[in-house]
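**Student:** what would the 3D arrangement of this be:
(one chain, ligands or ions: 2)
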Amino acid sequence: MTVAPEPISVAVFGAAGRMGEALLRVIRDAPRARLAAALVRDGSPLAGQPVPAHLLAGGTGAAYAAAPFAPAQVLIDFAGPQGFDAALALALRTGTALVSGSTGLDARQQAALAAAAERIPVLWSANFSLGVALLLHLVRQAAAALPDWDCEIVEAHHRHKRDAPSGTALSLGHAAAAGRGVDLDRVATTSAREGERRDGAIGFAVVRGGDVVGEHTVAFYGAGERVELGHRATDRDIFARGAVRAALWLARRSPGRYALQDVLGG
Ligand SMILES: NC(=O)C1=CN([C@@H]2O[C@H](COP(=O)(O)OP(=O)(O)OC[C@H]3O[C@@H](n4cnc5c(N)ncnc54)[C@H](OP(=O)(O)O)[C@@H]3O)[C@@H](O)[C@H]2O)C=CC1
Ligand SMILES: O=C(O)C1=N[C@H](C(=O)O)C[C@H](O)C1
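**Tutor:** Ligands and ions are numbered 1, 2, ... in the order given. Just a heads-up that it's a prediction; the model follows:
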């Protein structure tokens, strides 16, 4: 007789947000995962309120909670840059593996994430969809194959998004720069540029409106022709599914810094 393994306990940080809700839905439907805590900010009026029953597996109940939280094997953070410091501190204090999809992190926060990897398993990605994981490879290849073509990255998101350009657009920019063997910080430019386009520049343009889930286009402009590579997300659950898959994988790892590619390839 084979015994099914115990589900992995997962806590969600930023549980009442757009992504938080998608994560609870995905955890509800994942046989290998069990919700350990639905965490909201300290002082949130939601703390202590029941999580809506439709976001929970049948027969289970849970209330939103502020940290400290019941032990979990992995913490998933989608609280954005405003909540990221608290999520990281909580993971470190409790020795919990951390998956983070928070974008718009500043240099200090990125350095803190890197340092945390010496003590806990850490996996951050600007985009947890399978499609964008593939797009990153394609963009790197195209940028290498078309070194003299003008590369422009255009992203569109819903009107509530705070950071710009999106984390995904920046990751795509890094992929294009890596394909050309250059440092993105030296060649990045925005649509607000003045004067003629610089040779070798990688441009970013941003659109915000309505309820767009997430769209990214990377265009390479040559003389008389253009190559466009892109991705359109129409459902936030794709990000949540990728993050939960990464969490189940990360829960069993040693301390260190991991990437979504490690999960998909391993
Ligand atoms: N990597 C990926 O695949 C994806 C990444 N994202 C990123 O995820 C982040 C969140 O996006 P989204 O869900 O749309 O944003 P929301 O604003 O809907 O959700 C963020 C949630 O985090 C909570 N929060 C903020 N600060 C804290 C804190 N200190 N402690 C606990 N909770 C806190 C907010 O609570 P309150 O309302 O009380 O402030 C809110 O409920 C963004 O950075 C976004 O770019 C989004 C989609 C996919
Ligand atoms: O804020 C969002 O919604 C999204 N943010 C991520 C980003 O900044 O790239 C990923 C996705 O595009 C949705």
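**Student:** low-confidence stretches in the stretch 101-250 of the chain?
**Tutor:** Residue ranges of the stretch 101-250 of the chain with pLDDT under 70: 193.
**Student:** what helices or strands is whichever strand or helix holds residue 110 leaning on?
**Tutor:** Assigned by DSSP states H and E, residue 110 falls within helix 107-116. Contact here means 3 or more C-beta pairs under 8 Å, 6 or more residues apart in numbering; DSSP states H and E; on that basis helix 107-116 packs against helix 80-94, strand 121-124. Every C-beta, even on glycine, is put in place using the N, C-alpha and C of the backbone.
**Student:** could you list every residue that touches the residue in the chain that ligand 1 sits nearest to?
**Tutor:** Nearest residue of the chain to ligand 1, counting by C-beta to the nearest ligand atom: residue 17, 2.0 Å away. Taking C-beta atoms under 8 Å, 6 or more residues apart in numbering as the criterion, residue 17 is in contact with 78-80.
**Student:** so which of the residues you listed is the most crowded?
**Tutor:** Counting neighbours by other C-beta atoms under 10 Å, residue 78 comes out on top of these with 28 neighbours.
**Student:** which residues are in contact with the helix holding residue 110?
**Tutor:** Counting by C-beta under 8 Å, 6+ apart, 81, 84-85, 88, 91-92, 98, 100, 105, 122, 124, 257 sit against helix 107-116.
**Student:** list only buried entries from those.
**Tutor:** The neighbour-count test (16 or more other C-beta atoms under 10 Å) applied to these identifies 84, 88, 91-92, 98, 100, 105, 122, 124 as buried.
**Student:** pick the one among the residues you listed closest to ligand 2.
**Tutor:** Distance to ligand 2, by C-beta to the nearest ligand atom, is smallest for residue 105 among these, at 10.5 Å.
**Student:** residue contacts, the closest residue to residue 77 other than its chain neighbours?
**Tutor:** Spatial nearest neighbour of residue 77, excluding adjacent residues (C-beta to C-beta, 6 or more residues apart in numbering): residue 87 at 3.7 Å. By C-beta under 8 Å, 6+ apart, the contact set of residue 87 is 13-14, 75, 77, 79, 98, 100, 102.
**Student:** hey, where'd the helices end up in the stretch 151-266 of the chain?
**Tutor:** 167-180, 184-187, 237-250, 260-265 (DSSP state H, counting those that start in this stretch).
**Student:** which other helices and strands does the shortest one contact?
**Tutor:** Yep, that's helix 184-187 we're talking about. So helix 184-187, by 3+ C-beta pairs under 8 Å, 6+ apart, packs with helix 167-180.
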